[in-house]
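A.B. asks: Structure, please.
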Amino acid sequence: FLGKKKSSTVQIPERLSLPDINERRSERNEEDITLLLFYDGELTENSDLITLKGLLRSVNDYVQFYNDEDECLEYSRSIEEEKIFIIIDGPSAEKILPRIHTLEQIVSIFLYRTNSNYESLINDYPKIVALCTDQQELIKEIRTAIEQVIKQTAAFSLYDQTEKSTRDLTKESGSFLFFQLFKQILLAMPKTDKDRREMISKCRDYYRGNRKEVNNINEFEETYKFSEAIQWYTKDAFVYRLVNKSLRTEDIEALYSLRYYISDLCLQLAMKHKEFIKSLSSMNLTLYRGFKASKNDMQIYKNNVGNLISTNGFLSTSVLREVAYDFARKPSKRKDIEALLIEIHVDLNLVKTIVLADISKYSIFANEKEILFDL
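C.D. replies: Numbers count the residues shown, from 1 in each chain. This is a model prediction of the structure:
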């Protein structure tokens, strides 16, 4: 579990010039969340809109802006891997909501420049999480929602047993094997300074113009060493987001670019695993993970009781049930979301290949007693 520091004030980042703000990004999103601003009518290219665009890019790296309804819908439908948070200018809401609310890609809707007249829309469109009257309120709500998604994202691939007859079983088996094969190949590859420079170069190119992440990348370049791999994974920074997105989507090209760091993380976890084993009084562990899931995903979990599921990369858990439970029970303004608590039993006497380690001392929230599973 990752805890994130919250900021009480919102400022437009210095790094944003006018061309940066209005630019529609053409490269793909390497993170998990896309912010999408839809506006028309009264909200035109004035200073308030320019400020809003800058504020949105200060809380999430990837933001797209549309003032054409059909183009906005076409873009939303084209997204396959990311979660979309859409901000809709209030006067545009009733027109576009019926068309966009049913899209699976849209996970949260924020209505901007609204009043009490819009409250009835919440009952008809449960993905609406906030009605915001001003920019400060909007940014606060978006930041909170992003933090929850980053911490709550499920770490499992599920296979709905009711659809088994229509699935490509070869593809499913490949998904289960992917991470073990990837890890073996990764650790067998020689690691060089060239790999490090290549990773840093690609990260810097992707986050160009993002002052916060460029500073993180500079710090990584200047100070990073092998013994800090886990510590960097616990930071709210580019490493965590890029690694997890690449693993979740099994993006070979991105994973290859990140190989220098991922290899270090696997090796350090293996070292800490040995220390962790020595500290245990019993080889039987019970660990917990809490998150939120849609009602549809919840049903898939229920259908898979007793069946095999695969992890999507590094799996974060806690030895404390109450910590996982608190994460699962965090308030959600979406009415179609439910809390899910997973209990994991690990017998280290039976399964010798599992690598997991206590990484709580590397986190700013050490009391969460985080146990991280390797790939």
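
A.B. asks: Can you give me the domain assignment for this protein?
C.D. replies: For the chain, automatic domain parsing gives the domain ranges 18-152, 156-373.

A.B. asks: Which of the residues in stretch 207-226 are classified as buried?
C.D. replies: Judged by neighbour count using 16 or more other Cβ atoms under 10 Å, the buried positions of stretch 207-226 are Tyr207, Gly209, Asn210, Glu213, Val214, Asn216, Ile217, Phe220, Tyr224. All C-beta atoms are positioned from the backbone trio N, CA, C, and that covers glycine.

A.B. asks: and the gap between the first one and Phe110?
C.D. replies: Remark: distance between Tyr207 and Phe110 (Cβ to Cβ, to the nearest Å) = 24 Å.

A.B. asks: what does stretch 265-279 contact?
C.D. replies: Contact with stretch 265-279 is made by 183, 186-187, 226-227, 229-230, 233, 243, 283, 314, 348, 355-359, 372, 374-375, as judged by Cβ atoms under 8 Å, 6 or more residues apart in numbering.

A.B. asks: then that stretch to CSV, C-alphas only?
C.D. replies: In CSV, the C-alpha atoms belonging to stretch 265-279 read as follows (Å, rounded to 0.1, in the frame of the first residue of the first chain):
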residue,chain,number,x,y,z
LEU,A,265,14.1,-4.3,-7.5
CYS,A,266,13.8,-8.0,-8.0
LEU,A,267,17.3,-8.6,-6.7
GLN,A,268,16.9,-6.4,-3.6
LEU,A,269,13.5,-8.1,-2.8
ALA,A,270,15.3,-11.5,-3.0
MET,A,271,17.9,-10.3,-0.5
LYS,A,272,15.3,-8.8,1.9
HIS,A,273,13.2,-12.0,1.5
LYS,A,274,16.0,-14.0,3.1
GLU,A,275,16.1,-11.6,6.0
PHE,A,276,12.4,-11.7,6.3
ILE,A,277,12.3,-15.5,6.5
LYS,A,278,14.9,-15.5,9.3
SER,A,279,12.7,-13.1,11.3
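
A.B. asks: so how far is Arg143 from Phe110?
C.D. replies: As for Phe110, its distance to Arg143 is 11 Å (criterion: Cβ to Cβ).

A.B. asks: what helix or strand does Glu81 sit in?
C.D. replies: Using DSSP states H and E, Glu81 maps to neither a helix nor a strand.

A.B. asks: for Arg143, same thing?
C.D. replies: Assigned by DSSP H and E, Arg143 falls in helix 135-152.

A.B. asks: and among the domains of the chain, the most buried is which?
C.D. replies: domain 18-152 (a mean of 17; mean count of other Cβ atoms under 10 Å).

A.B. asks: Backbone dihedrals for Asn67, please?
C.D. replies: phi -120, psi 10 (degrees, to the nearest 10).

A.B. asks: Look up the closest residue to it, ignoring the ones flanking it.
C.D. replies: Distances taken as Cβ to Cβ, 6 or more residues apart in numbering place Asp40 nearest to Asn67, at 5.0 Å, with adjacent residues excluded.

A.B. asks: show me what contacts Arg77?
C.D. replies: Taking Cβ under 8 Å, 6+ apart as the test, what Arg77 contacts is Leu103, Gln105.

A.B. asks: how about it, secondary structure?
C.D. replies: helix (DSSP: H, G, I helix; E, B strand; the rest coil).

A.B. asks: Equivalent analysis for Val305, please.
C.D. replies: Reduced to three states by three-state DSSP, Val305 is coil.

A.B. asks: What pLDDT is listed against it?
C.D. replies: For Val305, the model assigns a pLDDT of 75.

A.B. asks: Give me the distance between it and Leu350.
C.D. replies: Using Cβ to Cβ, one gets 21 Å for the distance from Val305 to Leu350.

A.B. asks: Also Ile150?
C.D. replies: Going from Ile150 to Leu350 by Cβ to Cβ gives 33 Å.

A.B. asks: Next: Ala188.
C.D. replies: The separation that Ala188 has from Leu350, given Cβ to Cβ, amounts to 27 Å.

A.B. asks: ok, now Asn60?
C.D. replies: 43 Å.

A.B. asks: Below-threshold pLDDT in the stretch 201-350 of the chain: ranges please.
C.D. replies: 331, 333, 335 (pLDDT under 70).

A.B. asks: how about the strands of it, start to end?
C.D. replies: Ranges of strands within the stretch 201-350 of the chain are 284-294, 310-311, 315-318, 337-347, based on DSSP state E, counting those that start in this stretch.

A.B. asks: now the ones you listed as CSV including distance to Leu55?
C.D. replies: Below are the strands of the stretch 201-350 of the chain laid out as CSV (distance: least, Cβ to Cβ, whole Å):
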stretch, distance to Leu55
strand 284-294, 26
strand 310-311, 35
strand 315-318, 30
strand 337-347, 26
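
A.B. asks: Go through those strands and name the closest to Val129.
C.D. replies: strand 337-347 (9.7 Å; Cβ to Cβ).

A.B. asks: Please tell me how far the helix or strand following the closest one is from the chain's geometric centre.
C.D. replies: As assigned by DSSP H and E, the chain's next helix or strand after strand 337-347 is strand 356-358. Remark: strand 356-358 is offset 21 Å from the chain centroid, using Cα atoms, centre = their mean, to the nearest Å.

A.B. asks: tell me what the helix or strand following strand 356-358 is packed against?
C.D. replies: Following strand 356-358 in sequence order, the next helix or strand is strand 370-373 (DSSP H and E). If contacts are counted by 3 or more Cβ pairs under 8 Å, 6 or more residues apart in numbering; DSSP states H and E, strand 370-373 sits against strand 315-318, strand 356-358.
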